[in-house]
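Enquirer: quick one: sequence plus predicted model below, questions after.
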Amino acid sequence: MVSAKKNINSRPVSSSSSINVSDSSVLIETLVLDDKQQHFKNHVSSLRLRASDAPSSSTISAGAKEQKAEGNNHKNVSLAPSSASSKLDDKFLYTKRYEQVKISFSWHILKTKFIYYVLSLGLVCKIMYYVQNFFINILKVGKIPTHVSFIMDGNRRYAKKLRLPIASGHNAGSLTLYAMVYICKRIGVKALSVYAFSIENFNRSKEEVDTLMALLVQRLDEFVKHTIDEKDQLYGCSIKIIGDRSYFTQDIKRKIERVEKSSAKDHCDFTLYVCCPYTSRNEIYHSLKKNVEKVIEHELEINDIGESTLTNNMFYQQGDDYCVNKCDLLIRTSGHTRLSDYMAWQSHENSTIVFSPTLWPDFTFTEVFFIMFKWSFFATLQQIKVPFTLHSSLYGHFQYLLFYSKSPLKRQNNVSLESLPAPPKSLSIVERN
């Protein structure tokens, strides 16, 4: 298991290996095994120290007799046994807690070792890789969302569930983000945005905020290395940091600017938008402020301010051939059914919002496939204009396929005249003998 950990730590996410396209939860559990072991050792040592500080029952009675013989007052005599008995109760609680942690940790290690051993087999990795490619090709038959966004929620609960430090939960969540980036890139998504850090998260403890900022810079540097590696699947991709950077320190600002400059591409087929620190209210405020400044500087008339001018001044920018100011599919993990002040402007028009009960570190390819398959199914129905109402039945659909289509097995694209592009103004024909 030690050799397995070293191999994975040397390559957090590899494009040539199938570990990056396998079950991301297994990769996470293996990579944070060191944190679990260290946390477990520290916890056990603290339990032993506290238990050793508790005196035995014979020592308690002897101490009480000595205090009574020396003529101590009644108050001191009554306090000595109660204090010692509380220590004995603490010793019992520490011992019980030690047994619970030991059982939970041992079972998790055995499960992680077994799953990682199965995935380390070359044949299993190849099978999983081809199975994922098969399901990805199924998604590509239908419509693919252009802009997908994730609200990465559940890192802290994931750490508490496994009795780990909070930092280990955030580290596990960052590894899941790596897996989702590769999966979305392979599916054909043009833009992927993630809610990494809210402005309200600065109200958390300074230690957790510093840990998140350090982890952000570390993962951004690793992502840039993948974008400049010609053998990597993320080669040629771009990354942009979205949010109010006034909350950052000067050192973090310089590092973020360096990362964006290193991954800046004029034309790229995939862009990762990291929202940090970000809220929708702050984004709308900045857009309004820019429009007012343009009016003051006589660059814009006040009557020209509208929906389009507000949209163009948002943190999100227009892509080469798509608009990232419109979110097609928004997914929030961990079971909470709220947006938490995220993408209120971008998810207003024909956007699908999905709330998954799975914690973000446990989010896998299977979850993404079923969510996108459902989205693609209904989006394709709307695109080909098949009669689909709440009152229609399965019999009606079969009747439509049998009597109104030429072949039930042949896919047909019903095209209306309004959807066709305008005819060319001029046409040139060259005849060759």
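Expert: Thanks, I have it. Numbers count the residues shown, from 1 in each chain.
Enquirer: and the helices in the stretch 201-350 of the chain?
Expert: Ranges of helices within the stretch 201-350 of the chain are 206-227, 250-262, 280-296, 307-312, based on DSSP state H, counting those that start in this stretch.
Enquirer: quick one, which of these is nearest to Ile331?
Expert: When the helices of the stretch 201-350 of the chain are compared by C-beta to C-beta, helix 280-296 sits nearest Ile331, at 16.7 Å. No exception for glycine: its C-beta is placed from N, CA and C like everyone else's.
Enquirer: walking through the protein, point out its strands one by one.
Expert: Secondary structure of the chain (DSSP state E): strands located at 147-151, 191-195, 238-242, 271-275, 329-332, 352-355.
Enquirer: just the CA atoms of the fourth one, as CSV, please.
Expert: This points to strand 271-275. This file holds the C-alpha atoms of strand 271-275, laid out as CSV (Å, rounded to 0.1, in the frame of the first residue of the first chain):
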residue,chain,number,x,y,z
THR,A,271,-12.3,26.7,-20.4
LEU,A,272,-12.4,26.2,-16.6
TYR,A,273,-13.9,29.1,-14.6
VAL,A,274,-13.1,29.1,-10.9
CYS,A,275,-15.4,31.4,-8.9
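Enquirer: quick one: residues contacting the closest residue to Ser351 other than its chain neighbours.
Expert: Distances taken as C-beta to C-beta, 6 or more residues apart in numbering place Cys327 nearest to Ser351, at 5.0 Å, with adjacent residues excluded. Contact analysis of Cys327 by C-beta atoms under 8 Å, 6 or more residues apart in numbering lists His147, Val148, Ser149, Ser193, Met343, Gln346, Ser347, Ser351.
Enquirer: now those residues as TSV including neighbour count, distance to Gly335 and pLDDT?
Expert: Putting these into TSV (neighbours: other C-beta atoms under 10 Å; distance: C-beta to C-beta, whole Å; pLDDT from 0 to 100) gives the following:
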residue	neighbour count	distance to Gly335	pLDDT
His147	26	24	93
Val148	24	19	95
Ser149	25	18	96
Ser193	25	21	95
Met343	25	19	92
Gln346	24	23	89
Ser347	20	19	88
Ser351	16	20	90
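Enquirer: which stretches of this structure have low pLDDT?
Expert: Scanning the chain for pLDDT under 70 picks out the ranges 1-109, 111-113, 116, 119, 265-267, 317-323, 385-419, 430-433.
Enquirer: hmm, back to that, could the helices of the stretch 201-350 of the chain go into JSON lines alongside distance to Arg186 and mean neighbour count?
Expert: JSON lines is the format used below for those (distance: least, C-beta to C-beta, whole Å; neighbours: other C-beta atoms under 10 Å):
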{"stretch": "helix 206-227", "distance to Arg186": "14", "mean neighbour count": "16"}
{"stretch": "helix 250-262", "distance to Arg186": "23", "mean neighbour count": "14"}
{"stretch": "helix 280-296", "distance to Arg186": "30", "mean neighbour count": "15"}
{"stretch": "helix 307-312", "distance to Arg186": "30", "mean neighbour count": "13"}
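Enquirer: nearest to Gln233, out of those helices?
Expert: Once these are compared by C-beta to C-beta, helix 206-227 is nearest, at 8.1 Å.
Enquirer: quick one: the closest one to helix 250-262, angle?
Expert: 20 degrees (axes from the mean of the first three to the mean of the last three C-alpha atoms, to 10 degrees).
Enquirer: returning to what we had before: turn the helices of the stretch 201-350 of the chain into CSV, including distance to Ser426.
Expert: Output for these, formatted as CSV (distance: least, C-beta to C-beta, whole Å):
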stretch, distance to Ser426
helix 206-227, 42
helix 250-262, 43
helix 280-296, 39
helix 307-312, 31
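Enquirer: for Phe369, find the nearest of these.
Expert: That would be helix 206-227 among the helices of the stretch 201-350 of the chain, by C-beta to C-beta, at 22.8 Å.
Enquirer: got the contact list for that closest one?
Expert: Counting by C-beta under 8 Å, 6+ apart, 12-13, 15, 166-167, 170-171, 174, 177-178, 181, 196-197, 201-202, 232, 234-239, 241, 248, 252, 255-256, 259, 262-263, 272, 274, 276 sit against helix 206-227.
Enquirer: tell me the domain ranges of the protein?
Expert: 1-141, 143-278+315-384 (automatic domain parsing).
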